[in-house]
Each structure stands twice: as C-alpha cells, then as structure tokens.
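Asks: following is a predicted model, sequence given first.
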Amino acid sequence: MMLEPPMKQLLHKVPSRYELVNVVACRARQISSEAESAGEPLDDKPVSIAIREVADCKLDEVLQEEV
C-alpha cells in the first residue's frame with residue numbers, strides 16, 4: 001500500500017517524521033471531535049484528511065487559529 005502523498009513530500013512541510021506523526025494525530029483528533037460534535041459523518045478517515053491538509057499546507061492555518 002502506497003502512502004499518498006509520499007512521505008518525502010510531507011517531510012518538506014514538517015521537519016521530522018516524529019513531528020509529522022504528532023501533528024497529524026493531533027489534527028485527526030480535532031477533525032474527529034468536530035465531526036462528532038456537529039453530528040456529521042466523515043467521507044474519509046480523520047488521519048487521511050489530516051495528511052492531505054499537511055500536504056496542501058492548510059494545517060498551518062488551522063494550528064495558528066488555535067493559538
């Protein structure tokens with residue numbers, strides 16, 4: 001099974017694999033919690049959504065909103 005987007009592409013956005021795992025896990029929990037609170041079903045798994053957000057550079061905006 002291939003990871004899409006590739007790990008190399010993700011590591012250009014986040015400096016280390018360990019930080020990438022932590023960022024994706026944190027965002028995936030947020031996505032899951034938001035969907036559960038709103039009562040909306042998710043089309044994809046929260047981790048897949050979070051990975052795409054990292055690849056599309058959308059995660060920086062989301063994390064800055066929380067600070």
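Replies: Alright, I've got the coordinates. Numbers count the residues shown, from 1 in each chain.
Asks: quick check: longest helix of this protein.
Replies: Longest helix in the chain by number of residues (criterion: DSSP state H): helix 17-38.
Asks: correct me, but residue 35 touches residue 45?
Replies: No: Residue 35 is not in contact with residue 45 according to C-beta atoms under 8 Å; the separation is 11.0 Å. Glycine gets a C-beta too; all of them are placed from N, C-alpha and C.
Asks: contact partners for the spatially closest residue to residue 28 that is not a sequence neighbour?
Replies: Spatially, and ignoring its direct neighbours in sequence, residue 28 is nearest to residue 46 (3.9 Å; C-beta to C-beta, 6 or more residues apart in numbering). By C-beta atoms under 8 Å, 6 or more residues apart in numbering, residue 46 lies in contact with 27-29, 31-32, 35.
Asks: same check on residue 54?
Replies: 10, 13-14, 20, 23-24, 27.
Asks: let's see that with 7 Å instead.
Replies: 10, 13-14, 23-24 (C-beta atoms under 7 Å, 6 or more residues apart in numbering).
Asks: so which strand or helix has it?
Replies: Remark: residue 54 resides in helix 46-55, with elements defined by DSSP states H and E.
Asks: any idea of the pLDDT on the residue nearest the centre of the chain?
Replies: By C-alpha atoms, centre = their mean, the mean C-alpha position of the chain lies nearest to residue 50, the distance being 1.8 Å. What the model reports as pLDDT for residue 50 is 92.
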